[in-house]
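In: Requesting a structural model of the entry that follows:
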Amino acid sequence: MVGIWEIVRHQFLMPYLSMNMGNYLTPVLVFLFSIVLLLPLFSLMEKNVQELEQERVLKTAMEAREALAKELHDGMAQSLFLLSVRIDRLEQKHEQGEMNGEMIGQLKKTVHEVNRYVRQAISNLKVPVTGPQASLLKLSVQEQLAQIAREVSIDVALDWDLREEIFSPSEQAELLSCIREAMINVRKHTRAGKVAISGRADEQGWRVAVSDDGAGIRHEDPFAVNGSYGLQIMKERTEGMGWTLTLKSGDSGTIVEIAKRGTSV
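Out: Numbering: from 1, shown residues only. Sure, this is the predicted structure:
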């Protein structure tokens, strides 16, 4: 633009403009020309920023919904299922004339646990996340397995040989949630009487398996079954952590395996 201005000024405007006036007009023209070019560019950049902000808001909202779904599933859905199991057992005892205060107390305890899970989920949504809570993996697994075994009346054998330090706190929490979901599915779908849980590590990584002696799951792809939210959430958890999840089911039972390969342990 400056080159064109100089040619026009020297060829056609010299009789009308002095040298000083032409020098003064040069930066003014440069400024006006820059404004004309930059305004559309700034508008385009502003539009792009707004679109990115909208995408960020939508992504944040979806992540919040997924977190809430997992929170409600891990707390309310599982506890309500265990509550239904206890009610079935209570009805059986009532028909047999063996109903006692202990089973009623267990029902009240489960109802209180559901209420606590709801309050905890609401509290977690209000408090900013500052970081995952540390927990002892083996102790937590043993405690949860013992509790679930008591609630669903399943004989559980634990063979755990994984060291706590190979997992980060977030990995510990996700792994425990997956194991708990696998245990709930054993009682809900396979009607097994015995469950074996093993945790092993080698030079290539680690492997956790939950196996039962039930009738198996009668679907080619259990993860694609409508309404199977537990398995779908388990799959999302493992994929989010970079693990592999496999499920093998047949007449002899079901095996759910979670593994991480490619790193030495």
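
In: Can you tell me the element V30 falls in?
Out: V30 belongs to helix 19-72 when elements are defined using DSSP states H and E.

In: Extract the C-alpha set from the helix or strand just after that helix and format it as PDB.
Out: Counting by DSSP H and E, the element after helix 19-72 in chain order, helix or strand, is helix 78-95. C-alpha atoms of helix 78-95 as PDB (Å, rounded to 0.1, in the frame of the first residue of the first chain):
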ATOM      1  CA  GLN A  78     -26.000 -50.900  43.600                       C
ATOM      2  CA  SER A  79     -27.400 -50.300  47.100                       C
ATOM      3  CA  LEU A  80     -31.000 -50.400  45.800                       C
ATOM      4  CA  PHE A  81     -30.200 -53.700  44.100                       C
ATOM      5  CA  LEU A  82     -28.800 -55.100  47.300                       C
ATOM      6  CA  LEU A  83     -31.900 -53.800  49.100                       C
ATOM      7  CA  SER A  84     -34.100 -55.700  46.700                       C
ATOM      8  CA  VAL A  85     -32.000 -58.900  47.400                       C
ATOM      9  CA  ARG A  86     -32.600 -58.500  51.100                       C
ATOM     10  CA  ILE A  87     -36.300 -57.900  50.600                       C
ATOM     11  CA  ASP A  88     -36.500 -61.100  48.600                       C
ATOM     12  CA  ARG A  89     -34.700 -63.000  51.400                       C
ATOM     13  CA  LEU A  90     -37.000 -61.400  54.000                       C
ATOM     14  CA  GLU A  91     -40.100 -62.500  52.000                       C
ATOM     15  CA  GLN A  92     -38.700 -66.000  51.900                       C
ATOM     16  CA  LYS A  93     -38.100 -66.000  55.700                       C
ATOM     17  CA  HIS A  94     -41.600 -64.600  56.200                       C
ATOM     18  CA  GLU A  95     -43.200 -67.400  54.200                       C
END
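
In: for helix 78-95, packing partners?
Out: Packing partners of helix 78-95 (3 or more CB pairs under 8 Å, 6 or more residues apart in numbering; DSSP states H and E): helix 101-126, helix 137-152, helix 169-185. Bear in mind the C-beta positions are built from the backbone N, C-alpha and C, glycine included.

In: Repeat the analysis, applying 7 Å as the threshold.
Out: helix 101-126, helix 137-152 (3 or more CB pairs under 7 Å, 6 or more residues apart in numbering; DSSP states H and E).

In: Give me the mean pLDDT for the longest one.
Out: This predicted structure assigns helix 101-126 an average pLDDT of 63.

In: Repeat that for stretch 180-194.
Out: In this model, stretch 180-194 carries a mean pLDDT of 77.

In: export that stretch as PDB, just CAs?
Out: C-alpha atoms of stretch 180-194 as PDB (Å, rounded to 0.1, in the frame of the first residue of the first chain):
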ATOM      1  CA  ARG A 180     -17.400 -53.900  43.000                       C
ATOM      2  CA  GLU A 181     -19.500 -53.700  39.800                       C
ATOM      3  CA  ALA A 182     -18.300 -57.100  38.700                       C
ATOM      4  CA  MET A 183     -19.400 -58.500  42.100                       C
ATOM      5  CA  ILE A 184     -22.800 -56.900  41.800                       C
ATOM      6  CA  ASN A 185     -23.200 -58.300  38.300                       C
ATOM      7  CA  VAL A 186     -22.400 -61.800  39.500                       C
ATOM      8  CA  ARG A 187     -25.300 -61.600  41.900                       C
ATOM      9  CA  LYS A 188     -27.600 -59.800  39.500                       C
ATOM     10  CA  HIS A 189     -27.100 -61.800  36.300                       C
ATOM     11  CA  THR A 190     -25.200 -65.100  36.800                       C
ATOM     12  CA  ARG A 191     -26.700 -66.300  40.100                       C
ATOM     13  CA  ALA A 192     -23.300 -67.900  41.000                       C
ATOM     14  CA  GLY A 193     -22.600 -69.400  44.400                       C
ATOM     15  CA  LYS A 194     -18.800 -68.900  44.400                       C
END
